[in-house]
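Engineer: Okay, structure incoming, though there's no sequence with it:
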């Protein structure tokens, strides 16, 4: 196969892996020279390198231990606005400490996550940050604990950002925010405006972030002696399209509600479009609130009441904490606060609302 010259046609580590019939992690091990591989495998990999004229760039040299020390940032969706702000915090703080930051988007593929973590372990990355919620199952805890132990044995550290702790003894650093408390405060504010039929547009039922926000929704009701209608709790994911679909579903089913609390600002944006399409005014007919306080929340019309999460600070704190720890340090658990940001999208019941209470 003939390749054109220039950066756009440059062979990648995955090209080398495909030609050699091995994984990208194995190619990295061969090139890094810090992990034992068989002579046959090394020969195949180096042959593929020569055939494709592969040249490792500065980032590859860094993870191979020949350059700048490295931090790895692993998340499901690199396009998510909240994750982007956390990644920005990680990158800025890593740069300040003289570290390179590598980002891996897994698209929810557990195998890809494990392969990337193993590559970072073999290349002696200073730390691996797993970002965002997960399905909190026994399998998840066992798998993640194995990752933590494996990284610790190589002198690295696992950092869980916005994920649940693994229990006593696990060599991890946990940096999270008051997820449930933020939802509790937000729903409490909505209820204080007189709303009693509050539609909740949640995420996946087994997702830890979604579960925390749902618990806050129920707790805010129960502390006031209220029991929300189960029919008002709908499940989807954290995307704009999910919010639009769930809100249309609620209207089509004839559900009565005077307010909507969305699990994220992206979900709220989709719900807002669906309300406008149905000819409903926000907050005159239906109040609406989100969660995350991503930048565009203030630019929606009306500006969105939401929960502020200090995502960038989470990223910076994670890096500062893990780089400042002593080798072999015990588990660390840091919790940042959240707060409600009141804007224009939530109003009091009785001031123009035309929907059932």
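Structural biologist: Received, thanks. Keep in mind the model is a prediction, meaning the values are calculated, not measured. Residues are numbered from 1 along each chain as shown.
Engineer: What ranges in the stretch 201-350 of the chain fall below the confidence cut-off?
Structural biologist: By pLDDT under 70, the low-scoring segments of the stretch 201-350 of the chain are 325-331.
Engineer: As a check, name the ranges of all strands in it.
Structural biologist: Secondary structure of the stretch 201-350 of the chain, counting by DSSP state E, counting those that start in this stretch: strands at 233-235, 259-262, 287-289, 306-308, 332-336, 339-341.
Engineer: and the ones you listed, which is most packed in?
Structural biologist: Ranked by mean neighbour count under mean count of other CB atoms under 10 Å, these are led by strand 259-262, which reaches a mean of 31. Bear in mind the C-beta positions are built from the backbone N, C-alpha and C, glycine included.
Engineer: what's that one in contact with?
Structural biologist: Strand 259-262 is contacted from outside by 183, 186-187, 190, 193, 195, 197-201, 217, 243, 247, 268, 271, 275, 286-291, 346, using CB atoms under 8 Å, 6 or more residues apart in numbering.
Engineer: For it, which strands pair with it and how are they oriented?
Structural biologist: According to DSSP bridges, strand 259-262 forms sheet pairs with strand 198-202 (parallel), strand 287-289 (parallel).
Engineer: mind putting those strands in a markdown table, distance to residue 156 included?
Structural biologist: As requested, these are exported to a markdown table (distance: least, CB to CB, whole Å):
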| stretch | distance to residue 156 |
| --- | --- |
| strand 198-202 | 35 |
| strand 287-289 | 40 |
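Engineer: among these, which is nearest residue 78?
Structural biologist: Residue 78 sits nearest to strand 198-202 of all these, at 23.1 Å, using CB to CB.
Engineer: quick check: domain ranges of this structure?
Structural biologist: Here the domain parsing of the chain from automatic domain parsing is 1-56, 67-177+313-337, 180-305.
Engineer: Which of these sits closest to residue 350?
Structural biologist: domain 180-305 (6.4 Å).
Engineer: End to end on that closest one, go ahead and measure it.
Structural biologist: Start-to-end span of domain 180-305 (CA to CA, to the nearest Å) is 17 Å.
Engineer: picking that back up, redo the domains of the chain as CSV? Include distance to residue 350.
Structural biologist: Below are those laid out as CSV (distance: least, CB to CB, whole Å):
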stretch, distance to residue 350
domain 1-56, 60
domain 67-177+313-337, 32
domain 180-305, 6
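Engineer: between the strands of the stretch 201-350 of the chain, which gets nearest to residue 132?
Structural biologist: When the strands of the stretch 201-350 of the chain are ranked by proximity to residue 132, the top entry is strand 332-336, at 15.3 Å, counting by CB to CB.
Engineer: strand partners of the closest one, parallel vs antiparallel please.
Structural biologist: strand 172-177 (parallel).
Engineer: Please enumerate the helices of the stretch 101-250 of the chain.
Structural biologist: Remark: helices assigned in the stretch 101-250 of the chain by DSSP state H, counting those that start in this stretch are 110-122, 138-153, 179-192, 208-222, 240-252.
Engineer: Show me what the first one is packed up against.
Structural biologist: What it means is helix 110-122. Judged by 3 or more CB pairs under 8 Å, 6 or more residues apart in numbering; DSSP states H and E, helix 110-122 is in contact with helix 24-32, strand 70-75, strand 100-105, strand 127-131, helix 138-153.
Engineer: center of the protein - which residue?
Structural biologist: Centroid-nearest residue in the chain, with CA atoms, centre = their mean: residue 132, separated by 2.9 Å.
Engineer: quick one: that one and residue 248, what's the gap?
Structural biologist: 27 Å (CB to CB, to the nearest Å).
Engineer: Fine, thanks again, bye for now.
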